[in-house]
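>>> sequence plus the predicted model coming up.
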Amino acid sequence: MKTNIPQNINNTAHEQAQEWFIKLQAEPDNQPLLDQFKQWLEQEKEHEALYLETCLLWQDMGTATEKVVSSAKEDATKTQGSHCKLETPKHVPKWFSKQRVLSALSVTTLVALVVALLPPHLWYSPDYFTTVGEQQTIRLADGSTLHLNSQSAVNVNYSDSFRSIELLYGEAFFEVAKSKTQPFRVSSQGVIATAVGTAFNVRQLEHEVQTTLTEGKLKVDFPRHNQEKIASLTLEAGQGVSFSKDTGSLSLTKNHELYLPDWKRHLLRLDDVPLSDVVALLNRHYSQKLVLLDIDRRAEKITGVIPLGDLDLTLKMLNKSLHLEANTLFHRLVLLR
Amino acid sequence: MSSIFLDSPVNKEDVLHKADISDSRQSQKEQVIARMYQEHRQNILSHLLSMVKNRDIAEDLLQDTFVRLSNIPGIEVIRQPKSFLMKVATNLALDHLRQQQKKPVFETDEALEELISPEPEHLEEVIKTRHLEQLQWAISQLPERAKEALVLARLQEMTLKEVAKEMDVSQTMVEKHLKNALQKCRSALITDLN
């Protein structure tokens, strides 16, 4: 393979380093090119340092580019409600690289497992998302505010006649700016909440969609189940409704008087939540993976409040109140039984 | 979640044994990285520990550091990776610390005080923030096409060939765009220093 060797005499050494970086990036498997690169490195003592400096610059440019792209995206949403062409999920490159190093380190047998465990935002490619343990507040173009809980994702779609948000997975709290002409609609697996000016929270669980209202009025539509008509009801402030995805049944909950949802106050409030969902909710917050070994207890309903942010404390509480014993493996995996 | 797998220490025998079987370039690279890992692991880990003060997190960041290293083209012929590794590790730790500060966590008072107290990292962080702002500025000033090439190559991790195809230009053109981006970013940093 013939390549232009970046050794133009007029170029300064750091320019040569940049050219080498790009050339090698283009053809990482070109052995003759690599040999020539080695020669260049040996030519001058400073060459290697310059090359590595370029590599560092390239890495920092990644972070900077992300910021440029995301601020361009914000601007685009602000001005016309459309999305920037170059949408780039924040963490994708990192995960891809992790996969790369896995193979580089010859742990090939585990790759299949890792793919299965990749965070969901990789296949949804949502407009906004958070990873495990991360929370975000996003100011939308119309002045509404969107609070994303850990491991959650939404798509935002605004037009002149409506504001539509899709909760792909996880949980979000919405503070809606008033607009008579553009209803604010949040859809979550068929459940649609429509608001004019209000604050409410939507949470997706394995078998349920829970909608809780803390201010204003909210109309909630549920998907058709067994030929019934589409059910719909209007929530008053402080009320919540759970929709069961399996049976289509609804249950009303009360006493959500505090404006902010519990997760914004770093608490996990549980009203008759199955233990399997409790574990799933905790897994959204902690980087350690919790696994419930006792399959018989999956359906056990739990009521109570768990403080988030301190895994040891959480585990202690689980142990005391539910007699769940935690065993930690490799600092990463927590087995509950 | 998958970090549990990354957490298992690199098994020297495994890597080297595999390398013995096949003499391909890929395994040469693996071998080099495995050697670098053996040689520098301890130093970097204790450096990370001194910054983040949590063993699990430090181990995670150590893995990340070597992920970054393995993505460097031509790494197999680099002889002195130590200062590069240190810088990457420091950057990752600073990123981590900054995220921690943004996210209100269930902290004890002591941990909170530690977070507020002026530490040497604080200065580094200020410098790094400034550094990033300069880069952001330089990137936002790039021509649209150069910006596009950069996003595709850097964020989407496409190969230059893929970038060329996506943008419907020659690979040489992509290389020019990227070189331009590198140069502009570098001079933005240097001008700022003066």
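Received it, and whenever you're ready, just let me know what you need.
>>> quick check: closest non-adjacent residue to A:Ala177.
Spatially, and ignoring its direct neighbours in sequence, A:Ala177 is nearest to A:Gly143 (3.8 Å; C-beta to C-beta, 6 or more residues apart in numbering or on different chains). The C-beta positions use only the backbone N, C-alpha and C, and glycine is treated the same way.
>>> what distance do you get for that neighbour to A:Val154?
Separation of A:Gly143 from A:Val154 (C-beta to C-beta, to the nearest Å): 17 Å.
>>> secondary structure class for the residue nearest to A:Ala177?
Under DSSP: H, G, I helix; E, B strand; the rest coil, A:Gly143 falls in the coil class.
>>> number of nearby residues for it?
A:Gly143 has 12 neighbours, counted by other C-beta atoms under 10 Å in any protein chain shown.
>>> roughly how far does it sit from chain B?
Distance of A:Gly143 to chain B, given as C-beta to the nearest C-beta, to the nearest Å: 23 Å.
>>> dihedrals phi and psi, that residue?
Note on A:Gly143: its backbone torsions stand at phi 100, psi -10 [degrees, to the nearest 10].
>>> centre-most residue in the chain?
No chain was given, so I picked chain A. A:Thr130 (2.7 Å; C-alpha atoms, centre = their mean).
>>> my question was about chain B
Note: chain B centre (C-alpha atoms, centre = their mean) maps to B:Arg68, 4.5 Å.
>>> is it true that it lies in a strand?
No - counting by three-state DSSP, one finds B:Arg68 to be helix, located in no strand.
>>> ok, the closest residue to it other than its chain neighbours - contacts?
In space, B:Arg68 comes closest to B:Val88 once its chain neighbours are excluded; the distance is 5.0 Å by C-beta to C-beta, 6+ apart. Shown in contact with B:Val88 (C-beta atoms under 8 Å, 6 or more residues apart in numbering or on different chains): A:Leu56, A:Gln59, B:Thr65, B:Arg68, B:Leu69.
>>> how close does the last one get to A:Asp35?
Going back to what we said before, that points to B:Leu69. With the distance defined as C-beta to C-beta, B:Leu69 ends up 21 Å from A:Asp35.
>>> hmm, back to that, mind giving me a markdown table with the contacts of B:Val88 and columns for distance to B:Gln183 and pLDDT?
A markdown table is the format used below for those (distance: C-beta to C-beta, whole Å; pLDDT from 0 to 100):
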| residue | distance to B:Gln183 | pLDDT |
| --- | --- | --- |
| A:Leu56 | 15 | 89 |
| A:Gln59 | 17 | 87 |
| B:Thr65 | 27 | 91 |
| B:Arg68 | 22 | 87 |
| B:Leu69 | 24 | 89 |
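>>> in these, find the pair that's most separated.
Checked with C-beta to C-beta, the contacts of B:Val88 reach their widest spread between A:Leu56 and B:Thr65, with 12.1 Å between them.
>>> between these two, which is the more surrounded one?
Neighbours were counted for A:Leu56 and for B:Thr65 using other C-beta under 10 Å; B:Thr65 has more, 27 against 16.
>>> distance check, that one against B:Asn43.
If you measure B:Thr65 against B:Asn43 using C-beta to C-beta, the figure is 11 Å.
>>> returning to that earlier point: confirm that the residue nearest to B:Arg68 sits in a strand.
No - in this structure, B:Val88 is helix, not part of a strand, as judged by three-state DSSP.
>>> mind checking pLDDT for it?
We have a pLDDT of 92 for B:Val88.
>>> contacts only, for B:Pro73.
By C-beta under 8 Å, 6+ apart, the contact list for B:Pro73 reads A:Phe21, A:Leu24, A:Gln25, A:Pro28.
>>> wait, doesn't A:Asp60 sit right on B:Leu132?
Yes - using C-beta atoms under 8 Å, A:Asp60 is in contact with B:Leu132, at 6.8 Å.
>>> pLDDT weak spots in chain A?
Residue ranges of chain A with pLDDT under 70: A:1-11, A:73-124, A:196-197, A:224-230, A:255-259, A:331.
>>> next one: chain B
In chain B, residues with pLDDT under 70: B:1-26, B:101-123, B:193-194.
>>> can you tell me the closest non-neighbouring residue to the residue of the stretch 51-200 of chain A at minimum distance from chain B?
Distances between the stretch 51-200 of chain A and chain B by C-beta to the nearest C-beta are smallest at A:Ala64, namely 3.6 Å. What sits nearest to A:Ala64 in space, not counting adjacent residues and going by C-beta to C-beta, 6+ apart, is B:Leu135, at 3.6 Å.
>>> next, count neighbours for the one you found.
Per other C-beta under 10 Å, the neighbour tally for B:Leu135 reads 25.
>>> any idea which element it lies in?
Per DSSP states H and E: B:Leu135 is located in helix B:120-140.
>>> what residues of that helix count as buried?
Neighbour counts using 16 or more other C-beta atoms under 10 Å in any protein chain shown place B:Glu121, B:Glu124, B:Glu125, B:Lys128, B:His131, B:Gln134, B:Leu135, B:Gln136, B:Ala138, B:Ile139 of helix B:120-140 among the buried residues.
>>> off-centre distance for that helix?
15 Å (C-alpha atoms, centre = their mean, to the nearest Å).
>>> quick one: residues in contact with that helix.
Under C-beta under 8 Å, 6+ apart, the answer for helix B:120-140 is A:60-61, A:63-65, A:67-68, B:51, B:90-91, B:93-94, B:97-98, B:147, B:150, B:181, B:184-185, B:187-189, B:192.
>>> name the SS class of the residue of the stretch 201-337 of chain A found nearest chain B, please.
Using C-beta to the nearest C-beta, A:Gly309 is the residue of the stretch 201-337 of chain A that sits closest to chain B, at 2.9 Å. Put simply, A:Gly309 is coil when judged by three-state DSSP.
>>> how near is it to A:Gly133?
The spacing between A:Gly309 and A:Gly133, counted by C-beta to C-beta, is 9 Å.
>>> buried ones in the helix or strand hosting A:Ser276?
Assigned by DSSP H and E, A:Ser276 belongs to helix A:275-285. Residues of helix A:275-285 classed as buried by neighbour count (16+ other C-beta under 10 Å): A:Leu275, A:Ser276, A:Asp277, A:Val278, A:Val279, A:Ala280, A:Leu281, A:Leu282, A:Asn283, A:Arg284, A:His285.
>>> and the next helix or strand past that helix?
Downstream of helix A:275-285 (by DSSP H and E), the next one is strand A:289-292.
>>> neighbouring contacts of that following strand?
A:275-276, A:279, A:282-283, A:298, A:332-337, B:1, B:4.
>>> how about 6 Å then?
A:Val279, A:Leu282, A:Asn283, A:Leu333, A:Val334, A:Leu335, A:Leu336, B:Met1 (C-beta atoms under 6 Å, 6 or more residues apart in numbering or on different chains).
>>> in chain A, which helix is the longest?
helix A:45-80 (DSSP state H).
>>> could you dump the buried residues of helix B:120-140 to a markdown table with distance to A:Lys316?
Formatted as a markdown table, these follow (distance: C-beta to C-beta, whole Å):
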| residue | distance to A:Lys316 |
| --- | --- |
| B:Glu121 | 31 |
| B:Glu124 | 36 |
| B:Glu125 | 34 |
| B:Lys128 | 37 |
| B:His131 | 42 |
| B:Gln134 | 47 |
| B:Leu135 | 44 |
| B:Gln136 | 44 |
| B:Ala138 | 50 |
| B:Ile139 | 47 |
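>>> dihedrals phi and psi, A:Glu300?
phi -50, psi 130.
>>> since we're on it, how many residues are nearby?
By the criterion of other C-beta under 10 Å, A:Glu300 has 14 neighbours.
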